[in-house]
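Asks: model the following, please.
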Amino acid sequence: MLQAVDHLGHIPGGSNVVVQGAGPVGLAAIMMAKLAGAAHIICIEGNPVRLEQARSFGATALVDFREEGLQTTDERKSHINSIVGARGVNLVIECSGNAPAFEEGFELLTRSGTYLLVGTWAGSAKVQLSPFDVVQKALKIIGSTYCSPWCYYRAAQLVQANYQKFPLASCVTKTYSLVQAQQALEDVAAGKVVKAVIDPQA
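Replies: Sure, this is the predicted structure:
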């Protein structure tokens, strides 16, 4: 997430931010938006446990896409606009790796908005995108993946400086032994845990 923000330049203070997905990467995005002084940080997620974690990391509004009245892009867009007001959403950070979420992100952005893509994608995912809409709204699209070794050092510094402000340890929701590795993978795929850790010594 640090390298993604480097590619972005910075998260402007006072901006309206939507984070799609509240896994470990999404929680990091929420934390960084909070530290940057974003006015609104809205998290879109369908897992109630992850939604509550998003709140604890600084999300100012939660959008559960399973709820009645929030199950379509138009409904979610209307709801989010009612929160952020006339300024609209300046930045969408895609952390879910979900193709429909990618398409929705463009719908949520205001003119001159930025779409930051950091979700882990399946290579075969395809989406429809209108170049006309991108041009007419003057949108910026930034993709980022992996990171340089320097980012690990900076991440450690970030944790050291903010571990009392954010419940960072809560990201690790379950620890597995090495023989439970397959179960860990299945639990992650099923959305039962936010971050699984395999401890060979357990």
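
Asks: show residues contacting stretch 163-179.
Replies: Contact partners of stretch 163-179, identified using Cβ atoms under 8 Å, 6 or more residues apart in numbering, comprise 24, 27, 31, 34, 49, 53, 56-58, 159, 162, 183-184, 187, 192-200, 202. In this view, the C-beta of every residue, glycine as well, is placed from N, C-alpha and C.

Asks: try 7 Å this time
Replies: 24, 27, 31, 53, 56-57, 159, 183-184, 187, 193-200, 202 (Cβ atoms under 7 Å, 6 or more residues apart in numbering).

Asks: and Ile141, that's in a helix?
Replies: No - read with DSSP: H, G, I helix; E, B strand; the rest coil, Ile141 is strand and lies in no helix.

Asks: in three-state terms, label the closest residue to it other than its chain neighbours for me.
Replies: What sits nearest to Ile141 in space, not counting adjacent residues and going by Cβ to Cβ, 6 or more residues apart in numbering, is Tyr115, at 5.0 Å. Following three-state DSSP, Tyr115 is assigned to strand.

Asks: mind checking pLDDT for Tyr115?
Replies: If you check Tyr115, the pLDDT there is 94.

Asks: and what of Lys174?
Replies: 90.

Asks: thinking again about what came up before, could you flag which of the contacts of stretch 163-179 are buried?
Replies: Buried members of those, counted by 16 or more other Cβ atoms under 10 Å: Pro24, Leu27, Met31, Gln53, Phe57, Ala184, Asp187, Val193, Val194, Ala196.

Asks: how much space separates the last one from Val63?
Replies: Think Ala196. To Val63, Ala196 is 25 Å away according to Cβ to Cβ, to the nearest Å.

Asks: pop the domain breakdown of this protein in here.
Replies: 2-143, 169-202 (automatic domain parsing).

Asks: among those domains, which is the most enclosed?
Replies: domain 2-143 (a mean of 18; mean count of other Cβ atoms under 10 Å).

Asks: centre of the chain to that domain, how far?
Replies: Distance of domain 2-143 from the chain centroid (Cα atoms, centre = their mean, to the nearest Å) equals 6 Å.

Asks: against Leu70, how distant is the residue nearest the centre of the chain?
Replies: The centre of the chain sits closest to Gly26, judged by Cα atoms, centre = their mean, with a distance of 2.9 Å. Shown here: Gly26 relative to Leu70, a distance of 17 Å by Cβ to Cβ.

Asks: in strands, which of the contacts of stretch 163-179 appear?
Replies: Counting by DSSP state E, the part of the contacts of stretch 163-179 found in strands is Lys195, Ala196, Val197, Ile198, Asp199.

Asks: just the residues you listed now: which is nearest Ala138?
Replies: Using Cβ to Cβ, Lys195 is the member of those that sits closest to Ala138, with 36.4 Å.
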